[in-house]
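Colleague: Please work out how this folds:
(chains A, B, C and D)
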2 protein chains.
Amino acid sequence: MNETTSNPAPPLSDEDTATYTRWFKALADPMRIRLLNLLAVERRAMAVGEIVEHLPIGQSTVSHHLKVLAEVRFVLPEPRGTSTRYAVNERCLERFPAAVRAIMGLEAGRA
Amino acid sequence: MNETTSNPAPPLSDEDTATYTRWFKALADPMRIRLLNLLAVERRAMAVGEIVEHLPIGQSTVSHHLKVLAEVRFVLPEPRGTSTRYAVNERCLERFPAAVRAIMGLEAGRA
DNA sequence: CTCATTCATCGATAATCGACGATAGTCGAT
DNA sequence: ATCGACTATCGTCGATTATCGATGAATGAG
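Modeller: Predicted coordinates:
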């Protein structure tokens, strides 16, 4: 539908608001942005120990950040024996800009 | 340049990381998302007192949230005598998706 | 000038969060 | 079964933050 005209665009539902809040919270930290960017630039699944070597924080903290990013599906874990590799979820690219546009009242339903 | 191919996309600079962190922090709160969505849906500058009537929080808290959103230029203040109206900054629509794509290593310089 | 209105700022409080170190759990190899 | 390597969880601490109520500052009306 054409929602770009002067329609009375509907406000966000409480559910969508909560969802978008979780997404933004997940990226509202410099280390998580660097982490996600690292995985994106390397373009491959990386083990936790490998990621730790690229960031100025400890292993437990990296594991925590990966958990946060995984909870919103920005990264996907790949258990590999005793190790666990993490990779970027390419799909978060599509949903994220759509969320911004929904907040701005430029899209009604899902997009 | 064509950075959409399989180039070794450069990592984010510390400066860009800090900038994007501030943007995401600004939206990492349900009330600020509702606030921004309210201004976007209404499609007009609104006085603080008017905004307060639409949200379940006090006037001082609304004023605080508006300050946070204004610091990253997501809203723009319009002093009007004793009142102050706030309006959405349409430009944040353009920059935001570009930031996400930069984190994902899909864009090199500015976009 | 005085007063009422409107918004911003201040101080306090409780909750959330990022960081660490230590510990526990899991798996493969020996 | 034991050991070693790797990751997840736990407890804690300090910093940040969302919220409130009260106060302060600026403006327009009378």
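Colleague: how about the worst-scoring helix or strand of chain A on mean pLDDT: buried residues?
Modeller: Sorted by mean pLDDT, DSSP states H and E, the helices and strands of chain A end with helix A:92-103, the least confident at a mean of 83. Neighbour counts over helix A:92-103 (16 or more other CB atoms under 10 Å in any protein chain shown) mark A:Cys92, A:Leu93, A:Arg95, A:Phe96, A:Pro97, A:Ala99, A:Val100, A:Arg101, A:Ala102, A:Ile103 as buried. For glycine as for every other residue, the C-beta is placed from the backbone atoms N, C-alpha and C.
Colleague: Mind giving me the packing neighbours of it?
Modeller: On a contact count with 3 or more CB pairs under 8 Å, 6 or more residues apart in numbering or on different chains; DSSP states H and E, helix A:92-103 meets helix A:14-27, helix B:30-42, helix B:92-103.
Colleague: where does chain A have low pLDDT?
Modeller: Applying pLDDT under 70 to chain A flags residues A:1-7, A:108-111.
Colleague: For the most centrally placed residue in chain A, which non-adjacent residue is closest in space?
Modeller: Closest residue to the average C-alpha location of chain A: A:Phe74 at 3.4 Å, with CA atoms, centre = their mean. Counting by CB to CB, 6 or more residues apart in numbering or on different chains, A:Phe74 lies nearest to A:Cys92, which is 4.8 Å off, once chain neighbours are set aside.
Colleague: picking up where we left off before, what lies in contact with the least confident helix or strand of chain A?
Modeller: Outside of helix A:92-103, the residues within contact range by CB atoms under 8 Å, 6 or more residues apart in numbering or on different chains are A:12, A:16, A:19-20, A:23, A:72-74, A:107, A:110-111, B:27, B:33, B:36-37, B:40, B:93, B:96-97, B:100-101, B:104, B:106.
Colleague: what does chain A have sitting close to DNA strand D?
Modeller: Within chain A, the residues that sit near DNA strand D (CB under 7 Å from any atom of the strand) are A:47-50, A:52, A:59-60, A:63-64, A:66-67, A:77, A:82-84.
Colleague: Buried ones among those?
Modeller: For these, buried by 16+ other CB under 10 Å: A:Val52, A:Leu66, A:Thr84.
Colleague: Look up which residues are beta-bridged to the last one.
Modeller: Pointing back at A:Thr84 there. A:Pro79 (DSSP bridges).
Colleague: isn't it right up against A:Val75?
Modeller: No - the criterion here is CB atoms under 8 Å, and A:Thr84 misses it with A:Val75 at 10.8 Å.
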